[in-house]
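Colleague: generate coordinates for the sequence data below:
(chains A and B)
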Amino acid sequence: MSTGAKDHAQLSDIFNKDEARVDWHDETLWFVRAKRDKAANSLPEWEALRETASQIKDNVLSNLHDYLLQFEANAEKNGIKVHWAANGEEHNKIVHSILKESGVNRIVKSKSMLTEECHLNDYLHKNDIEVIDTDLGERIVQLAEEPPSHIVLPCIHKKKEEIGDLFHKHLGTPEGASDPVFLTAAARDHLREKFITRKAAITGVNFAIAETGEFVVCTNEGNADMGAHLADVHIACMGIEKIVPLRKHLSVFLRILTRSATGQPITTYSSHFKKPRPGQTMHIVLVDNGRTTQLGREDFRNSLKCIRCAACMNTCPVYRRSGGHSYHTAIAGPIGSILAPNLDMKNYADLPFASTLCGSCSNVCPVKINIHEQLYKWRQVIVKEGYADPKKAMAMKAMDFTLSNPSIYKIAGKAGRWVLKHAPFTVNNKLNLWYKHREMPESPKQSFGEWYKQNNKND
Amino acid sequence: MTVGLFIPCYIDQFYPNAAIATLTLLKKLGVDVVYPTKQTCCGQPMANSGFEHLTQGCNDLFIENFSEFDYVVSPSGSCVLHIKDHLHADKAEDKALGIRKKIYELTEFLTDVLKVEKLTASFPHKVGVHQSCHGQRGLMLAQMSELVEAPFSKPLHLLNMVEGLELINLKRPDECCGFGGTFCVAEEAVSVKMGKDRVADHLNGGAEYITAADMSCLMHMEGILRRQNSNVKVIHIAEILNAQEF
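Modeller: Residues are numbered from 1 along each chain as shown, chains lettered A, B, ... in the order given. Now for the predicted structure:
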C-alpha cells in the first residue's frame, strides 16, 4: 500500500484529526474484544486450549520441512496439484499461469491475507485478469479501491453510510440507502451473478492437514464454498506455516479461532477440501515469502504460529485509535508489526515502535505468541541495523552519558527543574510534543535526593 | 532485612512526595531502608527505544548501588520490570541476576514479602485505580482481563485496608493509558487520545483521585487533566497507603 512514505505516527496523526471517528472506531473494535472475552470465559478450559494450540504450532515450526512434504504427498495422492512459491512474485506468476492455461480471465476470490501480502490483485489486474473479491467486507474495500484495514473485518473503518454511497455508485442502490440488511441483500445479488459466471475461484487456507492432504477454509458468508463449488478451477493459496499435523488438531484450532476473532463459537462454514470433484482441477500454492527467513530468526520465529484471528488488533489500544491503514502493510496491528520488518526492515522500521508495550496482545493471542516482547526485540534489531532516526540516536547517547554519571544527573535534573519553574516558555511551546495536549509536570522545590540529604543527615 | 530504596529518575526529579511516602511507609512497617544516593535511572527509556546496547553505564551503576541489599524496592512497576527483564553486566552477571531476583515493586513487596494485612491509613475520597500495564501484565500485580483466570489484585488488596477510601468502577479496568515512555512523544496523537480516554473513564466513574503503582502513567494523565482544568488529581498509591486524612 502506498502511503507517500508516511510512517505510523504521521498516519495516526491524520487519523486522529477526526476525534469522533476515532471514538467510533475504538468502540466498534472494543465491542469485538468484549465479545471475545465473553466467548473465552464460556470455556473453563480456555487457557489450556491456548497452551495446547501453542504447543501444536511449536511442533509444526520445529518440523515444518517434514510436515510440508507429507502434506504435498498426500494432497497429490488426492488429486490436488501442489505448487511451491519462494516469494510473492513467484506466487503471482503461478496463479497467473494456471489461469492462463485454463483460459480464464475473470475470477472470484474469497478472503486470503496471503494474496493481499503478495499483491495478487494488482498483478492479475495488470495482466488483464479481473478479480472479484467475494467476502462482503473485501468487496467493499475493493469498490473503494482501498486495501483491507483489518484481517478479519476488512472494512471495519467504514461507516454504513459510506458503504451505502459506494453501493449507490457501483451497484446502483438508491442514494442514501444505508440499512445494513438492505445493502447486504444488494451485495448478495451482485455477487451471485459473479459466482455463477466465473470459471475459476481462489480461496485462502486456514489449516492444511499433513496427515490427510486436505485443507480447511473458514468463512462466515459461505463465499469460499460458493466460489469453489461453482468453478472449474479452484486455486488455494497458503503460507507454509498453515500446516497442522493431524486432523484431530482442528478440535483445538476451530474452537479458538473464531472465539478469538469475533466471539462466535465457530465460523459458520468450516469447509474441508480434500480432492477435486469430477471435471474440476484443484491447485494449492505453498508460499514462503520470507517465512523461512523468519523461522531462522530465533527471537521472532514463533510469530509464524499466528492463525490470523486478529484478536491482537481488536485489543490493541493503539490499533483501535490509529486504524489499520496507519500500519501501511497488509497485516496491521501488533502481529503485523512483528511480521512486516522481516519482509522489509527499512520500510517497516516504524511499526515495532507503534506500541506502548502494554502486553494485552500477547494475553489474547490464542497461540500464545509473545507479541509485545518481540516488538521490544525488533526495536533493538532495527536500531542496530541502522534504521533509527539519527537525531534520536544522538539524544539517546546524551541520555546515556547523563544517566551513567550521578553528579551530572543531579546537575541536569536541577537545571531542568529550574528551567520549568523560571523559564517555562522555553519548554512550553510547540517544539515540545508533550506540551501540545498535556501540561508539563509541576517543578517541585527539591528533588527526593535533595530532600533525603537534608532529612537523613545521620544516615 | 535491609532494603535498598530505588527511586526512578523522574520520581526523584518531579514527584518527590511519592518517594517520601514510600520511604515513610516502609519505615512505618519496621523495615530498615537505605537510599543509595548515587542512583540515577534504570535505563528503560533507552532500552524501550531500541538502544538497550547503550544501557551498560546505567546497569553498572545500578549494580554498584544495589547489589548489597537483601531486597530492592521501588514505587514504579515499569522500572522494576525493566530491571527484572534486562539487567545485565558481563563483568558481574551473578550480581545482576541476584538483583533481578530480589527487586520488588512496592505493592508486591508489601503483599508478598511483608505480607501486610493491616494498615493505619485513612483517605476518605473516591479513588479510581489505574492498572499500569508493566506492573499488571509484566509483574502480574493483578489479574488481567484477557485471561480466563481467578481474579486477584495486590494494589486493591492494600487499598481495601485504607479507611474511608471508596473505589470507583471503570468501564475498561485495565486499558493502557498511552504513556509508553518515548511513545508519548514519538506517537503523540495516539498517546494523547489514549490518555484522554483513560482519564474520561475515571471522570465518568466519579473519581476525585486517580492512583496507580506507576507514577509515569499518572504523570501522563496529570498532564491531560491539568490541560482540561480538571479538579481531579493524581496520587501515587504509596501516598494513599501512607495517608492520615480524616
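Colleague: what residues of the host helix or strand of B:Leu97 count as buried?
Modeller: In the assignment (DSSP states H and E), B:Leu97 maps to helix B:93-102. Burial within helix B:93-102, assessed by neighbour count using 16 or more other C-beta atoms under 10 Å in any protein chain shown, is assigned to B:Lys95, B:Ala96, B:Gly98, B:Ile99, B:Arg100, B:Lys102. Placement of C-beta: from N, CA and C, glycine included.
Colleague: packing partners for it?
Modeller: Judged by 3 or more C-beta pairs under 8 Å, 6 or more residues apart in numbering or on different chains; DSSP states H and E, the packing partners of helix B:93-102 are helix B:56-66, strand B:71-74, helix B:77-86.
Colleague: pipe the buried residues of helix B:93-102 into JSON lines and attach pLDDT per row.
Modeller: What follows is the buried residues of helix B:93-102, written out as JSON lines (pLDDT from 0 to 100):
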{"residue": "B:Lys95", "pLDDT": "97"}
{"residue": "B:Ala96", "pLDDT": "97"}
{"residue": "B:Gly98", "pLDDT": "97"}
{"residue": "B:Ile99", "pLDDT": "98"}
{"residue": "B:Arg100", "pLDDT": "98"}
{"residue": "B:Lys102", "pLDDT": "98"}
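Colleague: now those residues in JSON lines, with distance to B:Tyr71?
Modeller: Shown next, in JSON lines, are the buried residues of helix B:93-102 (distance: C-beta to C-beta, whole Å):
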{"residue": "B:Lys95", "distance to B:Tyr71": "15"}
{"residue": "B:Ala96", "distance to B:Tyr71": "16"}
{"residue": "B:Gly98", "distance to B:Tyr71": "11"}
{"residue": "B:Ile99", "distance to B:Tyr71": "10"}
{"residue": "B:Arg100", "distance to B:Tyr71": "12"}
{"residue": "B:Lys102", "distance to B:Tyr71": "5"}
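Colleague: which parts of the longest helix along chain A are buried?
Modeller: Longest helix in chain A, counting residues (DSSP state H): helix A:19-41. Counting neighbours by 16+ other C-beta under 10 Å, one finds that the buried residues in helix A:19-41 are A:22-23, A:25-26, A:29-30, A:32-33, A:35-37, A:39-40.
Colleague: what separates the helix or strand that it is followed by from the chain centre, distance-wise?
Modeller: Per DSSP H and E, the first helix or strand lying C-terminal to helix A:19-41 is helix A:46-62. The chain centroid and the centroid of helix A:46-62 are separated by 20 Å under C-alpha atoms, centre = their mean, to the nearest Å.
Colleague: repeat that for stretch A:321-337.
Modeller: That offset, for stretch A:321-337, works out to 6 Å (C-alpha atoms, centre = their mean).
Colleague: so which of the helices and strands packed on helix B:93-102 is nearest A:Val233?
Modeller: Proximity to A:Val233, assessed across the helices and strands packed on helix B:93-102 by C-beta to C-beta, is greatest for helix B:77-86 (51.7 Å).
Colleague: what's that closest one packed up against?
Modeller: helix B:44-48, helix B:93-102, strand B:103-105.
Colleague: pLDDT averaged over that helix - what is it?
Modeller: Model confidence over helix B:77-86, given as mean pLDDT, is 97.
Colleague: could you do stretch B:110-120 as well?
Modeller: For stretch B:110-120, the per-residue pLDDT averages 97.
Colleague: so which bits of it are buried?
Modeller: By 16+ other C-beta under 10 Å, the buried positions in stretch B:110-120 come out as B:Leu110, B:Thr111, B:Val113, B:Leu114, B:Val116, B:Leu119.
Colleague: secondary structure and distance to chain A for those residues - can I get that in CSV?
Modeller: Supplementary listing: the buried residues of stretch B:110-120 in CSV, determined by DSSP: H, G, I helix; E, B strand; the rest coil; distance: C-beta to the nearest C-beta, whole Å:
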residue, secondary structure, distance to chain A
B:Leu110, helix, 19
B:Thr111, helix, 21
B:Val113, helix, 22
B:Leu114, coil, 21
B:Val116, coil, 23
B:Leu119, coil, 22
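Colleague: which residue, neighbours along the chain excluded, lies closest to A:Ile382?
Modeller: A:Ala349 (4.9 Å; C-beta to C-beta, 6 or more residues apart in numbering or on different chains).
Colleague: do B:Glu149 as well
Modeller: Using C-beta to C-beta, 6+ apart, the closest residue to B:Glu149 is B:Gln143 (5.8 Å).
Colleague: what's the answer for A:Val60, then?
Modeller: A:Ile243 (5.5 Å).
Colleague: need the contact list for the one you found.
Modeller: For A:Ile243, the contact set (C-beta atoms under 8 Å, 6 or more residues apart in numbering or on different chains) comprises A:Val60, A:Leu64, A:Tyr67, A:Leu68, A:Phe71, A:Phe207, A:Ala208, A:Ile209, A:Ala210.
Colleague: the same query, at a cut-off of 6 Å, please.
Modeller: A:Val60, A:Tyr67, A:Phe71, A:Ala208, A:Ala210 (C-beta atoms under 6 Å, 6 or more residues apart in numbering or on different chains).
Colleague: same check on A:Asn220?
Modeller: A:Thr267, A:Thr268.
Colleague: show the pLDDT at it.
Modeller: 95.
Colleague: torsion angles phi and psi at it?
Modeller: phi -100, psi -20 (degrees, to the nearest 10).
Colleague: now it: how far from A:Arg255?
Modeller: 16 Å (C-beta to C-beta, to the nearest Å).
Colleague: enumerate every residue touching the residue of the stretch 251-400 of chain A found nearest chain B.
Modeller: The nearest approach of the stretch 251-400 of chain A to chain B comes at A:Thr356, 3.1 Å away (C-beta to the nearest C-beta). Residues counted as contacts of A:Thr356 (C-beta under 6 Å, 6+ apart) are B:Cys176, B:Gly180, B:Phe183.
Colleague: may I see the buried residues of stretch B:9-27?
Modeller: B:9-23, B:25-26.
Colleague: near chain A too, which of those?
Modeller: B:Asp12, B:Gln13, B:Phe14, B:Pro16, B:Ala19 (C-beta under 6 Å from any C-beta of the partner chain).
Colleague: does the third one touch A:Met440 like I think?
Modeller: What that stands for is B:Phe14. No - applying C-beta atoms under 6 Å as the test, B:Phe14 and A:Met440 come out as separate, 9.1 Å apart.
Colleague: before we move on, back to that, return the member of the contacts of A:Ile243 nearest to chain B.
Modeller: Using C-beta to the nearest C-beta, the contacts of A:Ile243 come closest to chain B at A:Val60, 24.2 Å.
Colleague: count of neighbours near the closest one?
Modeller: 22 (other C-beta atoms under 10 Å in any protein chain shown).
Colleague: mind checking the pLDDT average for stretch A:256-268?
Modeller: 97.
Colleague: can you list the weak-confidence ranges in the stretch 301-450 of chain A?
Modeller: Within the stretch 301-450 of chain A, no range satisfies pLDDT under 70.
Colleague: that one: helices as residue ranges?
Modeller: A:311-315, A:317-320, A:333-343, A:360-364, A:371-384, A:390-403, A:406-422, A:433-437, A:448-455 (DSSP state H, counting those that start in this stretch).
Colleague: residues of chain B that sit close to chain A?
Modeller: B:7, B:12-14, B:16, B:19, B:35, B:38, B:40-41, B:46, B:50-52, B:54, B:57-58, B:133, B:137, B:144, B:146-148, B:175-176, B:180, B:183, B:185, B:187-190, B:192-194, B:219, B:223-224, B:226-227.
Colleague: could you look up the SS state of the closest residue to A:Leu433 other than its chain neighbours?
Modeller: In space, A:Leu433 comes closest to B:Val185 once its chain neighbours are excluded; the distance is 4.1 Å by C-beta to C-beta, 6+ apart. Using DSSP: H, G, I helix; E, B strand; the rest coil, the structure places B:Val185 in helix.
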